[in-house]
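# take a look and give me a structure for this.
(chains A and B)
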Amino acid sequence: MELVVDNVCKNFTNNKGTTLSVLENINLTIKKEEFVALVGPSGCGKSTLLNIVAGLMDSTSGQVYFSNVEKNRSPTMGIVFQDTGLFPWRNVYENIAFGLEAAHVPPNEQISIIHNYIELVGLTGFEKSFPHQLSGGMRQRVGIARALAINPDLLLMDEPFSALDAQARTIMQEELVSLWEKTRLSTLYVTHNIQEAVLLADRVVLLSRRPGKISRILTINLPRCDREKPENATIIAKFVDEIWQHISKDARAALLEVTDNG
Amino acid sequence: MADVKIKNHMYPWQKTYPSWISLLSISLLILLWQLVCLSDVVSALFLPSPLQILTALWSMILDGEIARSLAASLYRIILGFLLGSLLGLVIGLLTGTSALSDRIGTPLVNIFYPIPKIALLPLFILWLGIGELSKVTIIALGVFFPVAMNTHSGVKNVDPLFIKVAVSFNSDWGKTMKSVVLPGALPMIFTGLRLAAGTSLLLLVSAEMIAAQEGIGALILHYGDLMITDRLMAGIIVLSAIGLFFNFALQYMERKVIPWKNF
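Take a look at the predicted model:
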């Protein structure tokens, strides 16, 4: 099973009636067990694309589909949101349970699944805690566990670590690498952090701005677990530099723009 | 093996409808009402038709009855609203910022708040006479509480970071109040004002029904006693118009005063 993004375009019309093209002719395939990172400056439409893939927003034209799906099977998606989107009125256990409840998994089967993922993301002992009692990093672990618990066919992550401080971010990136090696879910990961994309992804897709188009795709052909090793530092730095050269002009333009996405 | 297309699951939540649908549904309701009245199922004494009510309203406008009642009512409600909200604003700002006024004022507010204000009207008539003053006072009192309480919590909810910023620049008490606390509390203050608008209309009509010669409340009671239902309903329409006007005026002010809030 693969996820296919087929010629997707997205226009926004503001209340003055002018049309803004945010995404133009996006074609992308996420293969089985592939980790794809979507990188671009702010306002390039990367989150818009993720929302369309997630089925949370209409595209103006084009379509997104899973190809080669076995009969009678409806593929599922787990989404990790930027600001976690944890329900403040549910504790850690209940937050992770939500996706399973929605999928009508019998309560007695839920228990072992939830405990398994709580252990996997290192939340043991925090089952009864409410989100406001946790640090930012711990909260996003709950978000990740909630997405993984339904064993999705596609994992979508929308700048999951952007609210974290640099140290927590580094730790969470490392944890995500080992977590991903255990689950090997097809993943679409949106970020503006180039380093993060190069450390995590099999392929890095660069999106340009206004209109958002795929300007380049880089394959990071280095085993994920070797990327933090000192001897590979120069190779990683070269990738990072290459991407930065490619998008810095757009990123500078983005800084000058008045934001209207509140 | 097949392809499974991804649909937008948010569609039912994101779907929008054009605004003329509201107009159409109101028109249909009025039309239905008119038809029911034409069919003679209900007596015009109990339910006059929309046309009858409009005709009655028009004749009451022409002979100046509406203008006289409206002037008396507007005088009371506007004066009462202004006095009550001004006092509520001051007290709310005080109890919100000063711990001492909080200790003194908040218990008093909590004790008097649950009293249905209309129960105090006989007392006010005794103290202030049957004239305008007792009615304006009761409206002011009804407006005072929601404004004071919302201003209080608005002030309490101002992000302490903003206070720290102000204090770090050696901003004095007055400057901090004017430039930081008041703007930060404005959204909650307007919530209080909107709640108070409803209360003030309720108290206006109640007071006028109990003790007034003129005013929309007295007019409605008068035609109720005479069983002239279409004129009674015309009075109710005027009340609805006053309420709508109040709402629009407050909304307009809110947009002007809080341009940083997303509407």
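
# what's the helix or strand for the most centrally placed residue in chain B?
Residue closest to the average C-alpha location in chain B (CA atoms, centre = their mean): residue B:197, at 1.9 Å. For residue B:197, the host element (DSSP states H and E) is helix B:182-210.

# next one: that helix to chain centre, how far?
5 Å (CA atoms, centre = their mean, to the nearest Å).

# what residues does the next helix or strand after that helix touch?
Following helix B:182-210 in sequence order, the next helix or strand is helix B:216-225 (DSSP H and E). If you take CB atoms under 8 Å, 6 or more residues apart in numbering or on different chains as the criterion, helix B:216-225 is touched by B:65, B:69-70, B:73, B:204-209, B:212, B:229, B:231-232, B:235-236, B:238-239, B:242. Glycine gets a C-beta too; all of them are placed from N, C-alpha and C.

# how about 10 Å then?
Residues from elsewhere that reach helix B:216-225 (CB atoms under 10 Å, 6 or more residues apart in numbering or on different chains): B:56, B:60, B:65-66, B:68-70, B:72-74, B:76-77, B:135, B:201, B:203-213, B:215, B:228-236, B:238-239, B:241-242.

# cool, stretch B:112-125 as well?
B:127, B:130-131, B:133-146, B:148-149, B:199, B:202-203, B:206-207, B:209-211.

# so which bits of the helix or strand residue B:124 falls within are buried?
For residue B:124, the element it lies in under DSSP H and E is helix B:121-128. Using 16 or more other CB atoms under 10 Å in any protein chain shown as the test for burial, helix B:121-128 gives B:121, B:124, B:125.

# tell me where chain B has helices.
Along chain B, counting by DSSP state H, helices occupy B:11-14, B:20-38, B:50-62, B:65-97, B:99-112, B:121-128, B:132-156, B:160-168, B:173-176, B:182-210, B:216-225, B:229-257.

# most tightly surrounded among these?
Stretch with highest mean neighbour count among those: helix B:132-156 (a mean of 23; mean count of other CB atoms under 10 Å in any protein chain shown).

# what angle do that one and helix B:216-225 make?
Counting by axes from the mean of the first three to the mean of the last three CA atoms, to 10 degrees, helix B:132-156 lies at 120 degrees to helix B:216-225.

# what's the average pLDDT for helix B:132-156?
Helix B:132-156 carries an average pLDDT of 95.

# and that helix, what does it pack against?
helix B:65-97, helix B:99-112, helix B:121-128, helix B:182-210 (3 or more CB pairs under 10 Å, 6 or more residues apart in numbering or on different chains; DSSP states H and E).

# CSV for the ones you listed, including mean pLDDT?
Listed next are those as CSV, based on pLDDT from 0 to 100:
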stretch, mean pLDDT
helix B:65-97, 95
helix B:99-112, 93
helix B:121-128, 93
helix B:182-210, 95
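
# on that earlier part again, and the helices of chain B as JSON lines, adding distance to residue A:165?
Formatted as JSON lines, those follow (distance: least, CB to CB, whole Å):
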{"stretch": "helix B:11-14", "distance to residue A:165": "34"}
{"stretch": "helix B:20-38", "distance to residue A:165": "48"}
{"stretch": "helix B:50-62", "distance to residue A:165": "64"}
{"stretch": "helix B:65-97", "distance to residue A:165": "33"}
{"stretch": "helix B:99-112", "distance to residue A:165": "35"}
{"stretch": "helix B:121-128", "distance to residue A:165": "60"}
{"stretch": "helix B:132-156", "distance to residue A:165": "29"}
{"stretch": "helix B:160-168", "distance to residue A:165": "18"}
{"stretch": "helix B:173-176", "distance to residue A:165": "31"}
{"stretch": "helix B:182-210", "distance to residue A:165": "27"}
{"stretch": "helix B:216-225", "distance to residue A:165": "61"}
{"stretch": "helix B:229-257", "distance to residue A:165": "37"}
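
# closest one to residue A:157 among the ones you listed?
With CB to CB as the criterion, residue A:157 lies closest to helix B:11-14 of the helices of chain B, at 22.5 Å.

# quick check, stretch A:131-151 touching chain B?
No: counting by CB under 10 Å from any CB of the partner chain, chain B has no neighbours in stretch A:131-151; the shortest distance is 14.5 Å.

# what is the mean pLDDT for that stretch?
For stretch A:131-151, the mean pLDDT works out to 93.

# can you give me the distance of residue B:93 to residue B:166?
Relative to residue B:166, residue B:93 is positioned 15 Å away (CB to CB, to the nearest Å).

# can you check residue B:22 too?
To residue B:166, residue B:22 is 44 Å away according to CB to CB.

# and residue A:151, which of the three is it?
Of the three states, residue A:151 takes coil under DSSP: H, G, I helix; E, B strand; the rest coil.

# may I have the phi/psi pair for it?
Dihedral angles of residue A:151 (phi, psi; degrees, to the nearest 10) stand at phi 50, psi 60.

# so which residues on chain A come close to chain B?
A:1-6, A:51-59, A:63-75, A:77, A:153-154, A:262.

# go through the residues you listed and flag which are in strands.
Judged by DSSP state E, strands contain the following of the residues of chain A next to chain B: A:2-6, A:63-69, A:77, A:154.

# closest to residue A:178 out of the helices and strands packed on helix B:132-156?
Among the helices and strands packed on helix B:132-156, the nearest to residue A:178 by CB to CB is helix B:182-210 (44.9 Å).
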